[in-house]
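Visitor: coords please:
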Amino acid sequence: MKILNSIDNEKLNKMQNGKGFIAALDQSGGSTPKALKGYGIDDSFYTVNGVKDENKMFDLIHQMRTRIIKSPTFNGDKIIGAILFEQTMERKIDNLYTSEFLWEKKNILTFLKCDKGLDVEKNGVQLMKDIPNLDETLQKAVKHGVFGTKMRSVINHYNEQGIKDIVDQQFKIGLQIFSHGLIPIIEPETTITSEDREQSESLLHDLIKEHLNKLDDNVRIILKISIPVNPHLYDDIVLDKHVLRIVALSGGFSQELANQKLKHIKGLIASFSRALLEGLTYQQSEVEFDNTISNSINKIYDASVNKQL
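Guide: Model (predicted):
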């Protein structure tokens, strides 16, 4: 695979060496109502005669994302990349498609959420559902100047077969994505309330390491994980040449607690969604809104960059 040569060096360098974190703005159909509710918009705003209007719902979430993206402190100085839902990629901000707007106006890389949600739990885990027309979707992403993708699966309980299946699926699809000249964010989340989480994370680490050792020299990925119980678990993988960055989801922790944990883990930067949006509501004035998101960005940046080891 000589794909690495075709990836924009400026973007590659920003991802590998840039200071900051990745903003996850990729709530999809299933998680959009929850994100809107947190923003102060309940389903009455997009329900007509007792029927939920999905188009109206997606219009509202795009308005929310646009407001976030256009906020002055949401820029490439502290944010390396942003993860987008497919509909967001295909919508515009100020007459530019969202991905182009983020790169050209904000100097922020973009990633496309490309999975279609989680399958039912089997062997203690939830694999990704099949992703129909993935190659076509990836071609669209390339046309929009997207840098990479993101896909999520979840480990709920320790189960050797289940965790192996998760890692196998993530790397198989990850290589398909990389063949299009896109950098895949591989996200095998571990549920933070799981009693055997530390055991699951240890096996997950070992299986990821096995897969990394088999990759061609020029393959590059990004790894997205739950903030690990053992803060040193990924010390070796941080140094692996195939891994551009390791990023962490907030996974149910409050922003404050996620930041506190992250600050003590070498080489790990944030990729927060809910924790980033904490405290934002549509009722806020522009000044209140901008101050709230600026405060969040500064704190998440600090936890990602200024480590206390």
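Visitor: hey, let's count contacts and neighbours off CA atoms from now on
Guide: Fine.
Visitor: Can you name the residues bridging to Thr47?
Guide: Note on Thr47: beta-bridge partners Lys52, judged by DSSP bridges.
Visitor: ok, it - how many residues close by?
Guide: When neighbours are defined as other C-alpha atoms under 10 Å, Thr47 has 14 of them.
Visitor: can you check Glu54 too?
Guide: Glu54 has 14 neighbours, counted by other C-alpha under 10 Å.
Visitor: gap between it and Met64?
Guide: Here the criterion is C-alpha to C-alpha, to the nearest Å. By it, Glu54 lies 15 Å from Met64.
Visitor: all helices of the stretch 1-150 of the chain, in order?
Guide: 9-17, 32-38, 54-70, 86-89, 98-106, 134-143 (DSSP state H, counting those that start in this stretch).
Visitor: Reformat those helices as JSON lines; add mean pLDDT.
Guide: Compiled in JSON lines, these are given as follows (pLDDT from 0 to 100):
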{"stretch": "helix 9-17", "mean pLDDT": "94"}
{"stretch": "helix 32-38", "mean pLDDT": "89"}
{"stretch": "helix 54-70", "mean pLDDT": "93"}
{"stretch": "helix 86-89", "mean pLDDT": "91"}
{"stretch": "helix 98-106", "mean pLDDT": "97"}
{"stretch": "helix 134-143", "mean pLDDT": "97"}
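Visitor: Output those in TSV, with distance to Asp302 appended to each entry.
Guide: TSV is the format used below for the helices of the stretch 1-150 of the chain (distance: least, C-alpha to C-alpha, whole Å):
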stretch	distance to Asp302
helix 9-17	16
helix 32-38	24
helix 54-70	19
helix 86-89	28
helix 98-106	20
helix 134-143	31
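Visitor: Any idea which of the ones you listed gets closest to Ile225?
Guide: Across the helices of the stretch 1-150 of the chain, Ile225 has its closest neighbour in helix 9-17 (16.9 Å, C-alpha to C-alpha).
Visitor: returning to that earlier point: Leu127 is nearest to which of the helices of the stretch 1-150 of the chain?
Guide: Taking C-alpha to C-alpha, helix 134-143 is the member of the helices of the stretch 1-150 of the chain nearest to Leu127, at 16.3 Å.
Visitor: Compute the first-to-last residue distance for stretch 20-33.
Guide: The first-to-last residue distance of stretch 20-33 comes to 28 Å (C-alpha to C-alpha).
Visitor: Please spell out which residues along that stretch are buried.
Guide: For stretch 20-33, the neighbour count (16 or more other C-alpha atoms under 10 Å) marks Gly20, Phe21, Ile22, Ala23, Ala24, Leu25, Asp26, Gln27, Ser28, Thr32, Pro33 as buried.
Visitor: looking at the helices of the stretch 1-150 of the chain, which is closest to Glu278?
Guide: Proximity to Glu278 (C-alpha to C-alpha) singles out helix 32-38 among the helices of the stretch 1-150 of the chain, at 7.9 Å.
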